[in-house]
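J.: pasting the sequence and the predicted model now:
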Amino acid sequence: MSDVPGAPADLLRSLTRAERLLSRRLGAVLADDGLSIEAWRVLCLLADGQGHPMSEVSVEASLPPGTLTKLVDHLVDRNLVFRRIDPIDRRRIRAYLTVRGRREHARLDERVRASIAELGIAEVGTAEQGIAGSSKPGGAPAADLVRQLDDLIGRLDPARQRVHAEAAGTP
């Protein structure tokens, strides 16, 4: 790594290490219920109740489409998720949480938050608020960190760059 603190290699190493360690920690929490980190990502995305196209779930969960299909099949078998044809674009399939899925997500969310709280990291918001919690600058350290990471992702992800540009009214 670099001898200069804050070098790009340090950022990459730190982000990678933090993601792996947090995934291992939360994976242990979720394993008691037979869920993987990937399944947890899917449940969290679907927890907003809007239903999401499988292609979007694939991108947000960082899973190839074939792997996602198998995972969602497993979640359907456990009565946590169901799929429906998109009412607007009948070529697309949307995934939703079942009633049981919403209950399980809420229960597991409490356990995940408790595990994160044990690390001494301030609360990042409730499921209703979204993962970033408070949108006020100077909010909880974890919320600030999540906002900064989300901003970084937005700058690095070409798809999000297009969305932000369109929202700002630039071509």
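T.: Happy to help now that I have it. Keep in mind it's a predicted model, so treat the numbers as computed, not measured.

J.: can you tell me which residues contact the residue most central in space within the chain?
T.: The residue at the geometric middle of the chain, judged as the C-alpha nearest the mean C-alpha position with C-alpha atoms, centre = their mean, is residue 41 (4.8 Å). Residue 41 makes contact with 60-62 under the criterion C-beta atoms under 8 Å, 6 or more residues apart in numbering. All C-beta spots, glycine's among them, are computed from the backbone N, C-alpha and C.

J.: immediately after the helix or strand hosting it, which helix or strand?
T.: Here residue 41, judged by DSSP states H and E, is contained in helix 37-46. Scanning forward in sequence from helix 37-46, with DSSP H and E defining helices and strands, the next element found is strand 52-53.

J.: chain center to that following strand, what's the gap?
T.: The chain centroid and the centroid of strand 52-53 are separated by 14 Å under C-alpha atoms, centre = their mean, to the nearest Å.

J.: repeat for stretch 98-118
T.: Put simply, stretch 98-118 sits 13 Å off its chain's centre (C-alpha atoms, centre = their mean).

J.: buried sites along that stretch?
T.: Within stretch 98-118, the residues scored as buried using 16 or more other C-beta atoms under 10 Å are 98, 101-102, 104-105, 108-109, 112-113, 116.

J.: among those, which ones are in helices?
T.: Per DSSP state H, helices hold the following members of those: 101-102, 104-105, 108-109, 112-113, 116.

J.: in JSON lines: the residues you listed, plus distance to residue 87.
T.: Rendered in JSON lines, the data for these read as follows (distance: C-beta to C-beta, whole Å):
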{"residue": "101", "distance to residue 87": "20"}
{"residue": "102", "distance to residue 87": "21"}
{"residue": "104", "distance to residue 87": "26"}
{"residue": "105", "distance to residue 87": "24"}
{"residue": "108", "distance to residue 87": "29"}
{"residue": "109", "distance to residue 87": "28"}
{"residue": "112", "distance to residue 87": "32"}
{"residue": "113", "distance to residue 87": "34"}
{"residue": "116", "distance to residue 87": "37"}
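
J.: nice, that's everything, thank you.
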